[in-house]
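[1] Below is the sequence, then the predicted model.
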Amino acid sequence: MSRFYRRACIGGLAGLVASVPLNLSVGHVMGAVALGTILGAAYTVTFRPLKNAYVDSLMVGTSTGIPCWALFTLLLFPLLAGQYPEWEGEGMRAHFPALVGWVCYGGLLGLLVQGLNDLASKAFGPEPVPVSRRDDQKRRVVILGGGFAGMQTAAALEQELRGDPSVSITLVSETNALLFTPMLAEVAGSSLEGGHISTPLRTSLHFATFIRGRVTGIDLEKRRVTLDMESSAGMEPEPAREVGFDHLVLALGAVSNYRGLTNVEKQSFNFKSLLDAIRIRNHVIEMFERADRESNEGARRALLTFVVAGGGFAGVELAGALNDFARGILADYPNLRPEEVRVILVHSHERILPELSELLGAYARRSMEGRGVEFRLGARLHDAGPGVVVLSDGEIRSQTLVWTAGVAPNPLLATLPCERDKRGAVKVEPTMAVPGTSGIWAVGDCAALNDGKTGKPCPPTAQFAIREAATLARNLKAALEGRPLKAFHFDSLGALCVVGHQTACAEFTLPFAREKSVRFSGLLAWLMWRGIYLSKLPGLERKVRVLLDWTIELFFPKDIVQTIDLG
Amino acid sequence: MTEGIESKDADASVGTGKTVLGLGAMAGTLVGAVGGMIYATALHGSPLYGVLTGAVYGLAFGAFFAERCSSPGAGLIWGLAYALLLWLLVPAGLVPWLAGRHAGTMVDAARDNFPELAGYLVTLGTPLGIAMGLLAEFRPQPGRRSYVASRAIVVGGLSGLVSSVIFHTWMLKGGYFPLTAGISEAGARAGGASLHLALAAFIGVAFGLLFQQDIYGYGSSMGWGAGFGIFWWFLGPLTLHPLLTGMPTDWSADHASDLFGSLVAHILHGLIVGVMYATVDRLWVRLFVESDPIRREAEGPGLRTIYSLGWGAAAGLVGGAVSAPIMVATGVISKLAGLESELSLAHALALHLLVSAAIGMTYGLLFRQEGLSIGRGISWGWVFGLIWWYLGPLTLLPLLRTGEADWRPEAATALLPSLIGHLVFGAMTAFTFLLLQRSYARWLLLDPRHAAREKRRTRPEGTPAPALWLFLLGMGILLPILLG
């Protein structure tokens, strides 16, 4: 017997007995009995029973009787009798005895319901509660990767499943936080605190399990994933762990692709993680400290030369931020001269920001040059050594090289028996299911996905990853329920790029004419950039912290305190 | 307000039921007998009869209610509701019925017995409840919320003063001092204002000291405030004022009718004290309790508030739509439209729905922590509707139309029809809000962190809320009928 049915039976019985004083109010025995029984059942269903709470029930019942008097005696009974409601003062006073009847009915009902509930608990035990599936019967969804795609899939799946106890969700990530990469350059440029642009994965999820670990193997046949649980120095290493799955989501993201340039990989800074950004910031300060005590002008110039490889969004934003940072902290180093500081952006094509229109690319270049950034366009990075960066058209003496010139899908994907594209991304159907497999899905940068409507390849950007994740969550739910899947479709909204202090480029697609776009540049675009990305930053607390950082930056100089040991 | 730190003796044995019952019955009999004697003296009845009936009533209260009176404040509310229930059943119900009075004259009997109501509340319910609450301070109460007297005094005093500034600035313009019931009206205006402020601060402090542990959110704080206001009306203008001015106590319905405006003022002042107390207390909890890192919560601030506003707006629309026919039939809509005389009925209805959505948002904001059970939600909805009847048609509408609030008993009588509309609106709004809130919270509560947080912040079973519902609904609906 369901708990609501049980409650209704108890309430009906109590209402039937309690309906005796209701005769005063209704004036019709059968009507009073019927109304008393129905109201009793409704009352009992809506109130959770408590043990031995007689005075509480008495008060609840009595207090319910008063509005019931107003509702039934004054309003509904006259209406049913074809009369005008008795809600004037005189009518209310005339029906005062009925109020006493309703109060008695309510009080009696409360006491009887309580008594019968207690009796029923003794005779039949407590109310039955819905039983969830046992853990070993649960269908397991495992998501690999805690970037935009993985995290958003987990969050959207939680929403879709609404706590369905028959499904378990596990998110595996190498880091325990979601990094908001659009603001990473600002961390390197000392505008923002590193922790302010990362959101802990645990606090963002409600009942998905989170495991921090590195995926070292995926066995699609045995349907399990092997994890290397990284240990801190000085601690006993943890044994590898295996996690079984029924559905597996590959959201492993991308890694830097050095295209075989081993020396460059050794000599350069990566620019993918929070730690990379913090390292770059601290390294820049370190270079200024060394330059300050360096008497040789050539060596000093090399220390103060910063090379960024790659003219895409990441490279341009980083070069702009580093240029502002480096020139801004000169005030703290009176021995160094502005002309000794160089920020050089190396790009293999003739124009930067190929994702934006040519006009905006040219604007970005002009603006950055005006602020002191140098460009080496059409030049390829060939090699790098201690204190030197070798380009296709010459050398640059520099102690700092940051690589943003290429990314590739996670190399772990190469171990899977799936078809991949030339980048190394797993080819998927428009539903994000991996063809030829069952229950394997890929999303985000590691998936080679074509739009379900236009057939065009989806770019590996956060904007697309978030939308793909929402579709994938719906498809996962559909797959779990045996319903048909939906193909992914999304029209890009546009792109924004900060190029320097209060200057940005923005290009938005028009909603009803996707092939056309509107362009903004300068302060307005910068305000748009800040407004849009601040709204996208997950968590109110993070938004407030970033807003405070930005406000402080307006009034105080950038901080030059070194926070990590680069040795 | 939302601090739910359990007392250190949470693990103490609960096995005190029989002791509580025995002690409660003894103390109840004693206090009831004394109260009965005072009651009989005040009403010029037989002292022996007063002592005997008082002892019986006290015995029953002590035996059945003592365990529920966990603090003097909780005891007061249980005591007041008990007194009202007794009055409804005995002098207003059973006695006239046994005396063979005609149904049509029962309301006259109730009016004649109005002094008994005041007597029951002041000399029986109040001392019995407070005594049982004081007794509870000496027994272990597992799971009881912590009590910080300094917080109650500071927050209560501050909220009392701020409420007096908000409320009495308006009252002072007309030289009307409802809380002091005219004690100083004969004297200097400045003296009256000072006395008013002092009394308001005292009421605020008393509110904090009595109800700190029972208030969970803004809504319940308003409910407690309104209940406290009604209690103060019986205690102040009806009882203490004549005593302080050397006059005989007059609890008659006619005298109460003369003080009807003061009753409404007390209710509104109670509402403002309640809201102010909840606001200042929330600030206190945020600054001095929740800022402690070891008490950090899983969900960030603001999210639930935003959701509650949305659900409240939707619920208010439903409540407004369901109550609209009643509002049209009772003429409230036309009065609402009267704000802009050119408005047609359709426009007035649209305006009504808009106002309903806005009021629904206040429900979402004020009552979201009062429990996830539909039954409880609807009970709070009735209270919400009643509060809005006192606040809306009785106060704000005349104020907007004429610049003055009309708190005469005749005005209240004329507005009685719309009371039903307001009750229906409150119940429907609460019901819809609960459905929306539950659809969101049900799956979220599977997260143990959220479940623990919700458990701590949501009103548990066993608080005096049911007694407050009876006292507020009973008094709020009965008094305009009896005194009008």
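    That came in fine, so what should we check first? Residues are numbered from 1 along each chain as shown, chains lettered A, B, ... in the order given.
[2] Show me which helix or strand of the chain is least confident by mean pLDDT.
    By default, I'm working from chain A. Least confident helix or strand of chain A, by mean pLDDT, DSSP states H and E, is helix A:23-26 with a mean of 71.
[3] think we crossed wires, I meant chain B
    Every helix and strand of chain B was ranked by mean pLDDT, DSSP H and E. The lowest is helix B:332-337, at a mean of 63.
[4] Pull the number of nearby residues for whatever residue of the stretch 101-250 of chain A ends up closest to chain B.
    Nearest to chain B, among the residues of the stretch 101-250 of chain A, is A:Gly163, at 3.1 Å (Cβ to the nearest Cβ). Heads up, the C-betas are built off the backbone N, CA and C, glycines and all. A count of nearby residues for A:Gly163, using other Cβ atoms under 10 Å in any protein chain shown, gives 16.
[5] end to end, how far does stretch A:250-264 reach?
    For stretch A:250-264, the first-to-last residue distance is 29 Å (Cα to Cα, to the nearest Å).
[6] what about that stretch, distance to the chain center?
    When distances are taken as Cα atoms, centre = their mean, to the nearest Å, stretch A:250-264 is centred 25 Å away from the chain's centroid.
[7] Also stretch A:393-405?
    For stretch A:393-405, the distance to the chain centre is 35 Å (Cα atoms, centre = their mean).
[8] ends of that stretch, how far apart?
    Terminal residues of stretch A:393-405 are spaced 17 Å apart (Cα to Cα).
[9] contacting residues around the residue of the stretch 101-250 of chain A closest to chain B?
    By Cβ atoms under 8 Å, 6 or more residues apart in numbering or on different chains, A:Gly163 lies in contact with A:206-207, B:442-446.
[10] redo that, cut-off 10 Å
    If you count contacts by Cβ atoms under 10 Å, 6 or more residues apart in numbering or on different chains, A:Gly163 has them with A:132, A:206-207, B:442-447.
[11] same thing with B:Leu268?
    Residues in contact with B:Leu268 (Cβ under 10 Å, 6+ apart) are B:163, B:167, B:170-171, B:178, B:225-226, B:229, B:387, B:390-391, B:394-395, B:405, B:407.
[12] quick one: which of the residues you listed sit in helices?
    Judged by DSSP state H, the subset of the contacts of B:Leu268 located in helices is B:163, B:167, B:170-171, B:225-226, B:229, B:387, B:390-391.
[13] doesn't the residue of the stretch 101-250 of chain A closest to chain B fall inside a helix?
    No: under DSSP: H, G, I helix; E, B strand; the rest coil, A:Gly163 sits outside any helix and is assigned coil.
[14] can you give me the strands in the stretch 251-400 of chain A?
    A:254-256, A:269-270, A:305-309, A:342-347, A:373-377, A:381-385, A:388-391, A:394-397, A:400-403 (DSSP state E, counting those that start in this stretch).
[15] Now do the third one: which elements does it pack against?
    Taking 3 or more Cβ pairs under 10 Å, 6 or more residues apart in numbering or on different chains; DSSP states H and E as the contact definition, the neighbouring helices and strands of strand A:305-309 are helix A:274-293, helix A:313-328, strand A:342-347, strand A:373-377, strand A:381-385, strand A:388-391, strand A:394-397, strand A:400-403.
[16] now it, how far from the centre of its chain.
    From the chain centre to the centre of strand A:305-309 is a distance of 32 Å (Cα atoms, centre = their mean).
[17] so how far is the first residue of stretch A:267-283 from its last?
    End-to-end distance for stretch A:267-283, by Cα to Cα: 13 Å.
[18] what does stretch A:335-353 give?
    End-to-end distance for stretch A:335-353, by Cα to Cα: 36 Å.
[19] The least confident helix or strand of chain A: what's the following helix or strand?
    Downstream of helix A:23-26, the next assigned helix or strand under DSSP states H and E is helix A:29-46.
[20] then that next one to CSV, C-alphas only?
    C-alpha atoms of helix A:29-46 as CSV (Å, rounded to 0.1, in the frame of the first residue of the first chain):
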residue,chain,number,x,y,z
VAL,A,29,-26.2,14.7,7.7
MET,A,30,-25.1,12.9,4.5
GLY,A,31,-23.5,16.0,3.1
ALA,A,32,-21.6,16.5,6.3
VAL,A,33,-20.4,12.9,6.4
ALA,A,34,-19.3,13.1,2.7
LEU,A,35,-17.6,16.4,3.1
GLY,A,36,-15.9,15.4,6.4
THR,A,37,-14.6,12.2,4.9
ILE,A,38,-13.2,13.9,1.7
LEU,A,39,-11.6,16.7,3.7
GLY,A,40,-10.2,14.3,6.2
ALA,A,41,-8.5,12.3,3.4
ALA,A,42,-7.2,15.5,1.8
TYR,A,43,-5.9,16.8,5.1
THR,A,44,-4.1,13.7,6.0
VAL,A,45,-2.4,13.3,2.6
THR,A,46,-1.0,16.8,2.8
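[21] Figure out how far that helix is from the centre of its chain.
    49 Å.
[22] So which other helices or strands are in contact with it?
    Here helix A:29-46 touches helix A:3-18, helix A:23-26, helix A:54-68, helix A:77-80, helix A:96-124, helix B:374-391, going by 3+ Cβ pairs under 10 Å, 6+ apart.
[23] Of the ones you listed, which is nearest A:Leu250?
    For A:Leu250, the closest of these is helix A:3-18, at 42.7 Å, according to Cβ to Cβ.
[24] Quick one: buried ones out of the ones in helices among the contacts of B:Leu268?
    Buried residues within the ones in helices among the contacts of B:Leu268, defined by neighbour count using 16 or more other Cβ atoms under 10 Å in any protein chain shown: B:163, B:167, B:171, B:225-226, B:229, B:387, B:390-391.
[25] quick one on the thing from earlier: next structured bit after the least confident helix or strand of chain B?
    Next helix or strand after helix B:332-337 toward the C-terminus (DSSP H and E): helix B:345-367.
[26] tell me the average confidence for that following helix?
    Averaging pLDDT along helix B:345-367 gives 89.
[27] In the stretch 351-500 of chain A, which residue sits closest to chain B?
    Counting by Cβ to the nearest Cβ, the stretch 351-500 of chain A gets nearest chain B through A:Lys477, at 13.2 Å.
[28] Now that residue. Its backbone dihedrals?
    The phi/psi pair for A:Lys477 (degrees, to the nearest 10) reads phi -60, psi -40.
[29] Quick check: which element contains the nearest residue to it once chain neighbours are set aside?
    In this structure, A:Lys477 finds its nearest non-sequential neighbour in A:Glu160, 4.4 Å apart by Cβ to Cβ, 6 or more residues apart in numbering or on different chains. Applying DSSP H and E as the criterion places A:Glu160 in helix A:148-161.
[30] Name the next helix or strand downstream of that helix, please.
    strand A:167-173.
[31] Name every strand pairing with that next one and say which way it goes.
    strand A:139-144 (parallel), strand A:209-212 (parallel) (DSSP bridges).
[32] List the buried residues for the next helix or strand after the shortest one?
    What it means is strand A:209-212. Sequence-wise, the next helix or strand downstream of strand A:209-212 (DSSP H and E) is strand A:214-219. Of the residues in strand A:214-219, A:215, A:218 count as buried by neighbour count, 16+ other Cβ under 10 Å.
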